[in-house]
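Student: Got a predicted structure here, sequence first:
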Amino acid sequence: MPGIYSNFHNYKMKNFAIKTIKEAGEIVRKKFGHIRNVKNKSRHLIDPVTEADYLSEKKIVNAIKKQYPTHKILSEESYHSASLNEDDLWIIDPLDGTRNFAVGIPFFCIALSYKKKGQTVLDLVYDPLHNELFFAAKGQGAYLNNKAIKVNKNTALSQSVVSYGATRRDFKVTREANRVLSRLSEAKCWLANYGCAALGLCYLACGRTDISFLYNLAPWDIDAAALIAEEAGARVEVYEAAAQNPWYKYRILMANPRLFNKVKDKYIKLKF
């Protein structure tokens, strides 16, 4: 693919990632509205998984194994053994926003990132329904459908749109999230819970929202979108908290730099 994507130094890997995520997106798009069997991964929480999750994951995993047989894989549904510090690691969320997808809400995506020795260097988030592909390579900027994107320049907290999300796996986290929402409401912010972590973060990257915070999510929820937002000019901070689940322990705050210091700690805490 010509254009800005050619800035990424590894053309072969770039083209492979774009082709693979779009093929998985086509599977998910065709399944939307036609899911008959929704399973729950947890006895204690609403944590759905559908056949589309597994089909998308299979498509991406098989493609990686064929193209890069020595690379490791960390994926939400079936591949949990890899370390984040592998020499070559792909992180996959085959269907972010499964709850939305399962009940017919048209807001979900696929997230794919590549890490080299623990550093994220290539990120893609694809919304197959709206055909929006967010892309970033380390040090090369962020893009939406071949056009460069930047965070907006809003400085007024009272005019800010804040997207948020918090896993219900930890009631301490839920209580803190509720306190944050109360403080932000008093500051007259607009609040939005999209139910799709990666896509919500990408909306900040392209200027559709101003601030985003997510509590106790897994690497596949945030890894891809974090670099996209950072390359788009957002200030991003990630905190690894103690948690019962070994994966769902990452808290993230991002905002355009003009707003980040206004909300950190006073309104939004990562350490509590």
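Tutor: That came through fine. Residues are numbered from 1 along each chain as shown.

Student: I'd guessed residue 163 sits against residue 212; true?
Tutor: Yes: between residue 163 and residue 212 there is a contact at 4.5 Å, judged by Cβ atoms under 8 Å. All C-beta spots, glycine's among them, are computed from the backbone N, C-alpha and C.

Student: Common neighbours of these two, please.
Tutor: Common contacts of residue 163 and residue 212, defined by Cβ atoms under 8 Å, 6 or more residues apart in numbering, comprise 200-201, 204.

Student: Compare these and tell me which has the most neighbours.
Tutor: Highest neighbour count within the shared contacts of residue 163 and residue 212: residue 201, with 29 neighbours (other Cβ atoms under 10 Å).

Student: how close does that one sit to residue 232?
Tutor: Residue 201 sits 10 Å away from residue 232, taking Cβ to Cβ, to the nearest Å as the criterion.

Student: so who does the nearest residue to residue 202 once chain neighbours are set aside touch?
Tutor: Once flanking residues are discounted, residue 202 sits nearest to residue 134: 4.4 Å by Cβ to Cβ, 6 or more residues apart in numbering. Contacts for residue 134 (Cβ under 8 Å, 6+ apart) come out as 123-126, 142-144, 149, 202, 205-206, 225, 228.

Student: Of the residues you listed, which belong to strands?
Tutor: Assignment to strands by DSSP state E places the following of these there: 123-126, 142-144.

Student: and which of these is nearest residue 172?
Tutor: For residue 172, the closest of these turns out to be residue 125, at 29.1 Å, with distances computed as Cβ to Cβ.

Student: Now rank the contacts of residue 134 by neighbours and give me the top one.
Tutor: Looking at those with neighbours defined as other Cβ under 10 Å, the largest count falls to residue 225 at 35 neighbours.

Student: That one contacts residue 110, doesn't it?
Tutor: No: with contacts defined as Cβ under 8 Å, residue 225 does not count as touching residue 110, sitting 11.6 Å away.

Student: what's the neighbour count on residue 188?
Tutor: By other Cβ under 10 Å, 11 other residues sit near residue 188.

Student: picking that back up, can you work out which residues contact both of residue 225 and residue 110?
Tutor: Joint contacts of residue 225 and residue 110 (Cβ under 8 Å, 6+ apart) are residue 125.

Student: just the strands in the stretch 51-200 of the chain please.
Tutor: According to DSSP state E, counting those that start in this stretch, the stretch 51-200 of the chain carries its strands in the segments 72-75, 88-96, 109-116, 119-127, 132-137, 142-144, 147-148, 161-166, 190-192.

Student: Out of those strands, which gets nearest to residue 51?
Tutor: Checked against Cβ to Cβ, the stretch from the strands of the stretch 51-200 of the chain lying closest is strand 88-96, at 10.1 Å.

Student: Just the C-alpha atoms of that closest one, please, in PDB.
Tutor: What follows is strand 88-96, C-alpha atoms only, in PDB (Å, rounded to 0.1, in the frame of the first residue of the first chain):
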ATOM      1  CA  ASP A  88       9.300 -10.900  18.700                       C
ATOM      2  CA  LEU A  89       5.700 -10.800  20.000                       C
ATOM      3  CA  TRP A  90       2.300 -10.200  18.400                       C
ATOM      4  CA  ILE A  91      -0.500  -9.100  20.700                       C
ATOM      5  CA  ILE A  92      -4.000  -9.800  19.400                       C
ATOM      6  CA  ASP A  93      -7.500  -8.700  20.400                       C
ATOM      7  CA  PRO A  94      -9.500 -10.600  17.800                       C
ATOM      8  CA  LEU A  95     -12.700  -8.800  18.700                       C
ATOM      9  CA  ASP A  96     -12.600  -5.800  21.100                       C
END
